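A.B. asks: Here is my input, please return the structure:
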Amino acid sequence: MKNKVLKWLAGFSLVFFLFASCENSISNKAAASGDTLSAGRAIVNGIDSNEDPSGVMLQGFNWSSADRNDSSTYYKWYNVVISRANDIKNTFEYVWFPPPSTSPDFAPEGYIPTELNDLNSRYGTKTQLKQAINAIKPAKAIADIVINHRGGSTSWGDFRNPQWTGDYYSICYGDEGFTNPSSPMYNSTARGAADTGENYADARDIDHTSTTVQNGIITWMSDVLKSDAGFVGWRYDFVKGFGGQYVGKYNAQTSAVFSVGEFWPTNTFNQNDTANWKNQLMNWVNSTTQNSGQKSRVFDFVLKGNMNYAFGWGSQSTLWNLSRLADSNNIFRTAPASAVTFIDNHDTGSTQKHWEIDPGDLAPAYAFILTHPGYPCVAWQHYFSASECGVTSNSANVAQYRGGDTVPGTSKTFKQHINYLIDLRKDQGIRYDSAITVLAATTTNYAARITGTDGEIVVKIGGDNWSPTGTGYTGNSPIYSGTNFAVWVKDGGGTATTVTLKMAKDVGYGNGLYFTGSYNEGSNWTVATRGTYDNAGYWYVTVTPPSNGNFEWKVLKGAYSLGETVTGNFSGLTWESGSNHNQSNLFPSFNGGF
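C.D. replies: The predicted structure follows:
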């Protein structure tokens, strides 16, 4: 959460001034970062040994999911997540949920939590939350943990459910509540230790040095969020506000499967001194390992700044300097296993737009992060359409949803674009720590080779007439391209990689969708293979392109009982109409014909 000061907050009755945070000494209960979670499963350097290294995270909400300007959105969001579960469950490894605890009327988004143990929020009930977490499985739920600060239950700093300590010993020594004459805390000597990070003026800063507070937070995370609700990991809000060693302790004590911190530096991003932000972020990451703490990842705000200067942002939408993508200070370059990459979130984009990338360049931006190292995070509003989320009014809310829009230069929607790139990432075995070699970095063109465990790709961002050369690439056409992006798959000098063909089509009960073409398994259009149906609503089959990477394909409809393959003249099958699809479009729209 950026320093988004609730400027009109002072106008509210002081009964709503609720808050908490600070520092004290760590108890000796911290667990080692390699603690075993279960047989054959462990956390090593902060990463779950069972994690899909080619996985992708989805931010499971946006700023208007519980819109303070539209109360009709309240208590509905968890049901929206449930309604989109089939799109989510087999596509994303993690889903980052909004803050789960109750919050006051002036902060319905949850970033000033009051009673932490009460999981009934403006997003829905505790029961609905648990249903949503179950609905998205096998994707895993990550909770938004807001523990830098807190609001009181009836006043500035009267913490309840849980209380932790007597009023106001859980609050940092220098908090505004102790210096404002209007506060019931004014001049109280019942206070905690000094803050271990930056001050947060809109709520009471929590004293993390207190072992009582630490143990209370651990109990809440372990018993309420993990054991009861079903969360397995944490996204920590405003981590520059308290010492990173406490995040490490909370991770270790809760055996977090996934952890990422939001460290958005306070000083302005300087494209000529990106090392400044890199050092701040890496210092925080390293601090989480102190005192046997479990290491946390961090959102790559260095890359976020560089992408804004590469593609443009806000009033600077005409900026275009793609060399910024090659900056070695990007966290995904300097410490890829620690980086969570993203384009925009609920603060930088959505309806707040504090630092939003030029919306016209979302497609090449996703082509970049989904093919590169780091752990990518997709914004909800970029993946889904407004209609899929029940949003039918409020133009500001509708405009942010891009999932149903067509990606320029392709026939794909943004959802299909993102799905295709995620599939490619997994097919090629591109991991969060895959090797990368920058091949071009100019104002108008960026290109890089990324080597996965199962293949190698070259990605170009920009409109220059540039193509890769060398073994496996010479004469090879892009496997996927659109306006200002292209992706090539190395053919291995005759060793072909596999690709997944997809088609969204309801063929009716008892029928199946069959695929054929000039790829290897299609035997030059003489073998049709029955696809596998995915609950997300499409059929798919994995095939091997010829050595030059180029092929065409189509689908046919026939009785499921015809078997896994049909050969010859395809008797009993009905052809899709229209032109053939090719290797550049692996998830096209259906042409018609049945």
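A.B. asks: Quick check: buried residues in stretch 350-364?
C.D. replies: Of the residues in stretch 350-364, those buried by neighbour count under the rule 16 or more other Cβ atoms under 10 Å are 350-359, 361-364. C-beta here means a position set from N, CA and C on the backbone, and glycine is covered the same way.
A.B. asks: Restricting to C-alpha, output that stretch in PDB.
C.D. replies: Backbone C-alpha positions of stretch 350-364 (Å, rounded to 0.1, in the frame of the first residue of the first chain) are rendered in PDB as follows:
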ATOM      1  CA  SER A 350      -6.900  -0.100 -11.000                       C
ATOM      2  CA  THR A 351      -9.100   2.900 -10.200                       C
ATOM      3  CA  GLN A 352      -6.400   4.700  -8.100                       C
ATOM      4  CA  LYS A 353      -3.900   5.000 -10.900                       C
ATOM      5  CA  HIS A 354      -1.100   6.300  -8.700                       C
ATOM      6  CA  TRP A 355       1.600   5.100 -11.100                       C
ATOM      7  CA  GLU A 356      -0.200   3.200 -13.900                       C
ATOM      8  CA  ILE A 357       1.600   2.000 -17.000                       C
ATOM      9  CA  ASP A 358       0.300   3.300 -20.400                       C
ATOM     10  CA  PRO A 359      -2.700   1.000 -20.900                       C
ATOM     11  CA  GLY A 360      -1.900   0.800 -24.600                       C
ATOM     12  CA  ASP A 361       1.200  -1.200 -23.800                       C
ATOM     13  CA  LEU A 362      -0.200  -3.900 -21.600                       C
ATOM     14  CA  ALA A 363       0.200  -6.600 -24.200                       C
ATOM     15  CA  PRO A 364       4.000  -6.200 -24.700                       C
END
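A.B. asks: Quick one: distance of stretch 457-477 to the chain centre.
C.D. replies: Relative to its parent chain, stretch 457-477 has a centroid offset of 28 Å by Cα atoms, centre = their mean, to the nearest Å.
A.B. asks: can you list the residues that contact it?
C.D. replies: Contacts made with stretch 457-477 from outside it, assessed by Cβ atoms under 8 Å, 6 or more residues apart in numbering, are listed as 310, 322, 325, 364, 367-368, 371-372, 424, 428, 430, 439-440, 442, 444-450, 456, 483-493, 548-550, 583-584.
A.B. asks: Quick one, which of those residues are buried?
C.D. replies: The buried subset of those (16+ other Cβ under 10 Å) comprises 310, 322, 325, 364, 367-368, 371-372, 424, 428, 430, 439-440, 445-450, 456, 484-491, 549-550, 583-584.
A.B. asks: Return the subset of the residues you listed lying in strands.
C.D. replies: Where these overlap with strands, as defined by DSSP state E, the overlap consists of 439-440, 445-450, 456, 485-489.
A.B. asks: ok so, going back, the buried residues of stretch 350-364 in helices, which ones?
C.D. replies: Counting by DSSP state H, the members of the buried residues of stretch 350-364 that fall within helices are 362-364.
A.B. asks: residues contacting K137?
C.D. replies: With Cβ under 8 Å, 6+ apart as the criterion, the residues that contact K137 are K89.
A.B. asks: now it: how far from P588?
C.D. replies: Here the distance between K137 and P588 works out to 30 Å (Cβ to Cβ, to the nearest Å).
A.B. asks: returning to that earlier point: quick one: the buried residues of stretch 350-364 as TSV, columns for pLDDT and distance to V95 too.
C.D. replies: TSV is the format used below for these (pLDDT from 0 to 100; distance: Cβ to Cβ, whole Å):
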residue	pLDDT	distance to V95
S350	96	16
T351	95	20
Q352	96	21
K353	95	23
H354	96	23
W355	97	23
E356	97	22
I357	97	22
D358	97	27
P359	96	23
D361	97	25
L362	98	20
A363	98	23
P364	98	25
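A.B. asks: Adding distance to N520 as columns, could you present the residues you listed in JSON lines?
C.D. replies: Below are these laid out as JSON lines (distance: Cβ to Cβ, whole Å):
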{"residue": "S350", "distance to N520": "44"}
{"residue": "T351", "distance to N520": "48"}
{"residue": "Q352", "distance to N520": "49"}
{"residue": "K353", "distance to N520": "47"}
{"residue": "H354", "distance to N520": "49"}
{"residue": "W355", "distance to N520": "46"}
{"residue": "E356", "distance to N520": "44"}
{"residue": "I357", "distance to N520": "39"}
{"residue": "D358", "distance to N520": "41"}
{"residue": "P359", "distance to N520": "40"}
{"residue": "D361", "distance to N520": "36"}
{"residue": "L362", "distance to N520": "34"}
{"residue": "A363", "distance to N520": "30"}
{"residue": "P364", "distance to N520": "31"}
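A.B. asks: what sits opposite the spatially most central residue of the chain in the beta ladder?
C.D. replies: Compute the mean C-alpha point of the chain, and by Cα atoms, centre = their mean the closest residue is C377, 2.3 Å away. Taking DSSP bridges as the rule, C377 bridges to M57, F342.
A.B. asks: you'd agree A275 is up against N329?
C.D. replies: Yes. Using Cβ atoms under 8 Å as the test, A275 is close enough to N329 to be in contact (5.3 Å).
A.B. asks: neighbour-wise, which of the two wins?
C.D. replies: Looking at A275 and N329 with other Cβ atoms under 10 Å, you find the greater number of neighbours at N329, namely 19 against 15.
A.B. asks: residues in contact with the more buried one?
C.D. replies: Residues near N329 by Cβ under 8 Å, 6+ apart: 274-275, 277-278, 302.
A.B. asks: By mean pLDDT, flag the weakest helix or strand of the chain.
C.D. replies: Ranked by mean pLDDT, DSSP states H and E, the weakest helix or strand in the chain is strand 20-22, scoring a mean of 35.
A.B. asks: where along the stretch 1-150 of the chain do the strands fall?
C.D. replies: Counting by DSSP state E, counting those that start in this stretch, one finds strands in the stretch 1-150 of the chain at the ranges 20-22, 36-38, 41-44, 47-48, 57-59, 94-96, 140-145, 149-150.
A.B. asks: Each with direction, which strands does the third one pair with?
C.D. replies: Take DSSP bridges as the rule and strand 41-44 pairs in its sheet with strand 36-38 (antiparallel), strand 47-48 (antiparallel).
A.B. asks: By mean pLDDT, show me the worst of the ones you listed.
C.D. replies: Note on these: strand 36-38 shows the lowest mean pLDDT, a mean of 49.
A.B. asks: For the stretch 301-450 of the chain, which segments count as helices?
C.D. replies: In the stretch 301-450 of the chain, the helices defined using DSSP state H, counting those that start in this stretch lie at 301-311, 331-334, 362-369, 380-383, 395-399, 414-427.
A.B. asks: right, so of these, which gets closest to P113?
C.D. replies: The stretch from the helices of the stretch 301-450 of the chain with the least distance to P113 (Cβ to Cβ) is helix 380-383; that distance is 20.9 Å.
A.B. asks: State the mean pLDDT of the closest one.
C.D. replies: Averaging pLDDT along helix 380-383 gives 98.
A.B. asks: and that helix, what other elements does it pack with?
C.D. replies: Helices and strands touching helix 380-383, as assessed by 3 or more Cβ pairs under 8 Å, 6 or more residues apart in numbering; DSSP states H and E, comprise strand 57-59, helix 414-427.
A.B. asks: rerun that using 6 Å as the cut-off
C.D. replies: helix 414-427 (3 or more Cβ pairs under 6 Å, 6 or more residues apart in numbering; DSSP states H and E).
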